[in-house]
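Peer 1: predicted model and sequence below, questions to follow.
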Amino acid sequence: MQPSLTYRNELKYFVSPHQYLTIQKRLKHLIAQDKHVGPTGEYHIRSLYFDDIDNTALHEKLGGIRDRAKFRIRIYNKQDQVIHFEKKIKFKDYIAKVKEPLTRDMHDQIMAGHYEALRHSNRPLLREIHQEITQRLLRPKVIVDYVREPFICENGNVRITFDKELRTGLNSVNLFDPNLRTIRALDHNLIILEVKYDQYLPAYIQAALQLEGLNRQSASKYVICRKYLKTNTWEDY
């Protein structure tokens, strides 16, 4: 593992609306919600995922490659106050994330195909992204859109999230498009439960989650949403 990165455990499950309500009710009596939630206890996440000319991130995930990475730009609540370019890294059974903030102007320049701000940045991640863009033709592929309900626990540095209404954007790479056309990416109103923690998951949280009775899944939101995409290159949008 790279010493500069913090690797965490990540477990993912599909849950039905009934399972969600049961687990959520238990969690509300045990741990707190994330401080960034709105009045409904949720916030909206929209990400623009990138892949290279060979669709490496997609094929490595589908091929079961354990050590891999993918890149995305992420915003919250459809606003531009917080914009991050992120690299999510998978190493064996662990995950890590590196991210750097973008200004709206930097975002717009990247979307217009002007990458000089990345190349001249003093931030290693942005320089790496510039290299991926110029050498491996890293380009936007698909928008992933959902509502997140997050819970946190300092004991074990646990973060539990329910990701609802997973949708994918069609024929657009504009994160801020107010008229973005999206379609539902999961059937049967399924919700994605994610459990992230450092070294251990406290026993009382394990008891509340009862993970052994859930449908563990490995498909990423990126892969789920890519199946709806008919085109694979930047120029096709």
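Peer 2: Noted; the coordinates are in hand. Numbering: from 1, shown residues only.

Peer 1: got the buried residues for stretch 165-182?
Peer 2: Using 16 or more other C-beta atoms under 10 Å as the test for burial, stretch 165-182 gives 165-169, 172-173, 175, 180, 182. From N, CA and C alone the C-beta is placed, and that goes for glycine too.

Peer 1: lowest-confidence member of those, which is it?
Peer 2: By pLDDT, Ser172 ranks lowest within the buried residues of stretch 165-182, coming in at 72.

Peer 1: which residue packs closest to that one, ignoring adjacent ones?
Peer 2: In space, and not counting its chain neighbours, Ser172 is closest to Leu180: 5.7 Å by C-beta to C-beta, 6 or more residues apart in numbering.

Peer 1: how about Ile53?
Peer 2: Leaving aside its chain neighbours, Ile53 sits nearest to Leu137 (4.0 Å; criterion: C-beta to C-beta, 6+ apart).

Peer 1: just say helix, strand or coil for that neighbour.
Peer 2: Recorded secondary structure, Leu137: coil (DSSP: H, G, I helix; E, B strand; the rest coil).

Peer 1: so that it lines up with my notes, have the first residue be 565 from now on.
Peer 2: In the new count, where the first residue is 565, that last one comes out as Leu701.

Peer 1: what's it sitting at in phi/psi?
Peer 2: Phi and psi for Leu701, reported as degrees, to the nearest 10, are phi 60, psi 40.

Peer 1: before we move on, what about Arg687?
Peer 2: phi -100, psi 120.

Peer 1: and it, how many residues sit next to it?
Peer 2: Arg687: 13 surrounding residues under other C-beta atoms under 10 Å.

Peer 1: circling back to that earlier point, looking at the residue nearest to Ile617 now. What's its pLDDT?
Peer 2: Confidence score, pLDDT, at Leu701: 97.

Peer 1: tally of neighbours for it?
Peer 2: For Leu701, using other C-beta under 10 Å, the count is 13.

Peer 1: repeat that for the one 4 residues further on.
Peer 2: Residue crowding around Lys705 was assessed by other C-beta under 10 Å; the count is 27.

Peer 1: please report how far it lies from Tyr786.
Peer 2: 8 Å (C-beta to C-beta, to the nearest Å).

Peer 1: mutual contacts of those two, please.
Peer 2: Common contacts of Lys705 and Tyr786, defined by C-beta atoms under 8 Å, 6 or more residues apart in numbering, comprise 613, 622.

Peer 1: circling back: tell me the two of the buried residues of stretch 729-746 that are most distant?
Peer 2: Spanning the widest gap among these are Glu729 and Val737, at 20.6 Å by C-beta to C-beta.

Peer 1: how about the strands in the chain?
Peer 2: Listed in chain order, the strands of the chain (DSSP state E) span 572-579, 596-597, 607-615, 632-640, 647-655, 658-665, 703-717, 722-733, 746-748, 755-761, 779-780.

Peer 1: okay, the ones you listed in TSV with distance to Glu692 next?
Peer 2: Listed next are the strands of the chain as TSV, based on distance: least, C-beta to C-beta, whole Å:
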stretch	distance to Glu692
strand 572-579	21
strand 596-597	34
strand 607-615	12
strand 632-640	9
strand 647-655	7
strand 658-665	9
strand 703-717	16
strand 722-733	25
strand 746-748	30
strand 755-761	24
strand 779-780	32
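
Peer 1: quick one, which of those strands gets closest to Glu696.
Peer 2: strand 632-640 (7.0 Å).
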